[in-house]
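[1] Fold the stuff below for me.
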Amino acid sequence: MNDDIHLRLLQLLQQSPHLSQRELAAELGISLGKVNYCVRALVDKGWVKMNNFRKSDNKSAYIYQLTPQGIAEKAAMAVRFLRYKEAEHEKLLKEIEALRKIVAAENKTT
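    Numbers count the residues shown, from 1 in each chain. Reported below is the predicted structural model:
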């Protein structure tokens, strides 16, 4: 689950580096505390840099920048996530087909 959140967070930060953590939480549908934890984890891994707005009246305002390592990891995560979702999709298709056979067989007997 964290890979999913980290990927979505990296995508959002790349698209909108000025978003506050509160705005990120709203976009991701997770708590502010979870966003703070995830952002700090991405910073600790060296995937994101936080820069304070120098001219801002709000000294707690940050801009987030993906590092070259963060950009590469975002791409690798996207590939892993796509493969996972494709496998999940194939499994669902098989389950649906099995259920269709059960329903068809039950309809024949009634």
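[2] any chance you could map the strands in the protein?
    For the chain, applying DSSP state E gives strands covering 48-52, 62-66.
[3] Identify whichever of the ones you listed lies nearest to Gly29.
    For those, the distance to Gly29 is smallest for strand 62-66, at 18.7 Å, taking CB to CB. (C-beta placed from N, C-alpha, C; glycine too.)
[4] if we can go back for a sec, which among the strands of the chain is found nearest to Lys101?
    Nearest of those to Lys101, taken as CB to CB: strand 62-66 at 47.3 Å.
[5] Give the pairing partners of the closest one; include direction for each.
    Using DSSP bridges, the strands paired with strand 62-66 are strand 48-52 (antiparallel).
[6] hmm, who's touching the partner strand?
    Strand 48-52 is contacted by residues 10, 13, 39, 42-43, 59, 61-67, 70 when judged by CB atoms under 8 Å, 6 or more residues apart in numbering.
[7] change it to 7 Å
    With contacts defined as CB atoms under 7 Å, 6 or more residues apart in numbering, strand 48-52 is touched by Leu13, Val39, Leu42, Val43, Lys59, Tyr62, Ile63, Tyr64, Gln65, Leu66, Thr67, Gly70.
[8] Provide a list of residues in contact with the second one.
    This means Val39. By CB under 7 Å, 6+ apart, the contact list for Val39 reads Gln21, Val48.
[9] if we go to 8 Å?
    So Val39 contacts Leu9, Gln21, Leu24, Val48, Met50, Tyr64 (CB under 8 Å, 6+ apart).
[10] where's Ala61 relative to Asn51, distance?
    Distance from Ala61 to Asn51, counting by CB to CB, to the nearest Å: 10 Å.
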